[in-house]
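# What shape does this take:
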Amino acid sequence: MNRERLQRIRNFQSEDWWPALVIRPISIAIMLVIADWRFVTANRLTTLSNLCKLAGAWLLLRPEHWVLCVVLLQLGLIFDHLDGTLARYRRTFTKLGSYYDKVSDMITWAVIVMVLGWQAYRTSADAMYLVFAGAAVAALELRGYMKWLCQAETERLRWLEAKQDPAGTVARYTAPIVIKPPPERSARDWAIWFAKKVAVVFVFEEADLWFWLCLGLLIDRLDLVLWLLMLTQCAGAAAMVIVRAVRMARADRQIHALESTTSSRL
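Numbers count the residues shown, from 1 in each chain. The predicted model follows:
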């Protein structure tokens with residue numbers, strides 16, 4: 001095996017436990033085969049991911065096919081990881097590709113959870129599950145909105161930094177993209193890394209929700225899945241409202257300090 005090629009394929013480190021322990025290893029194994037197939041592109045993998053997820057959403061309405069539904073949803077997650085991995089491997093980053101990936105993630109997840117809520121309502125006649133599904137989708141997408149809103153709002157801070165140090169800013173933003181190489185771990189390091197991932201099983205980050213969703217399907221407990229999604233995502237959104245507000249307040253202080261420095265030089 002070409003070690004340099006493997007290192008280029010291992011170009012992303014998952015923080016969430018389910019991708020890190022299961023999806024990423026599978027993705028790397030697939031990449032070892034398809035990484036240099038020219039007809040396979042990042043956007044095509046994103047499209048394949050979307051098709052698998054939407055097909056899985058359709059099968060959610062047919063309990064007799066839930067095992068196949070789980071397979072399709074997990075395939076969708078694998079392809080969703082492969083698209084970025086392939087783009088980084090080939091250095092074929094595009095703004096459109098990033099936009100397509102992120103927006104389709106939000107759309108497909110919303111469709112899947114709302115269909116899940118509808119199926120739970122069909123079987124229980126309890127409209128509460130429709131509310132739970134809507135709340136879970138809204139909370140997760142609110143978290144994403146806050147994240148990118150905060151990133152956009154910090155552009156003013158970058159502009160002020162550029163105004164103070166134009167030469168350094170030009171060098172920083174025109175430098176070629178450098179992808180951080182994957183870490184080299186000893187057997188002990190891998191054991192520690194594994195233990196840390198297992199320790200965050202109940203954090204319920206975005207990519208981990210696919211595991212809990214599929215587990216609920218396999219044990220035929222849509223009610224528990226919807227309770228889980230609603231509670232964890234609403235709690236996470238409430239927490240992130242505070243975290244993002246603190247970050248924006250910190251950015252305001254930095255902007256004020258930079259503006260004061262700029263004014264004093266005039």
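
# Tell me how many other residues surround the closest residue to Val241 other than its chain neighbours.
Nearest non-adjacent residue to Val241, counting by Cβ to Cβ, 6 or more residues apart in numbering: Met146, 7.0 Å away. (Each C-beta comes from the backbone N, C-alpha and C, glycine too.) Around Met146 there are 18 other residues, counting by other Cβ atoms under 10 Å.

# contacting residues for Met146?
By Cβ atoms under 8 Å, 6 or more residues apart in numbering, the contact list for Met146 reads 237, 240-241, 244.

# Go ahead and confirm Asp83 touches Asn43.
Yes. At 7.2 Å, Asp83 counts as touching Asn43 under the criterion of Cβ atoms under 8 Å.

# ok, and the most crowded of the contacts of Met146?
Going by other Cβ under 10 Å, Ala237 tops the contacts of Met146 with 20 neighbours.

# That one: what's it in contact with?
Neighbour list for Ala237: 139-140, 142-143, 146 [criterion: Cβ under 8 Å, 6+ apart].

# Go through those residues and give me the one with the most neighbours.
In those, the most neighbours by other Cβ under 10 Å go to Leu140, 22 neighbours.

# which residue packs closest to it, ignoring adjacent ones?
Closest residue in space to Leu140, ignoring its immediate chain neighbours: Gln233 at 4.9 Å, by Cβ to Cβ, 6+ apart.

# now Gln74
Closest residue to Gln74 in three dimensions, ignoring its sequence neighbours and counting by Cβ to Cβ, 6+ apart: Cys214, at 6.4 Å.

# Distance-wise, check the one you found relative to Trp17.
14 Å (Cβ to Cβ, to the nearest Å).

# And Trp193, by the same measure?
For Trp193, the distance to Trp17 equals 11 Å [Cβ to Cβ].

# More neighbours: the two, which one.
Taking neighbours as other Cβ under 10 Å, Trp193 and Trp17 compare with Trp17 leading, 22 against 15.

# my read: the more buried one touches Phe194, true?
No. Here Trp17 does not reach Phe194: they are 9.8 Å apart, not a contact under Cβ under 8 Å.

# All set, thanks.
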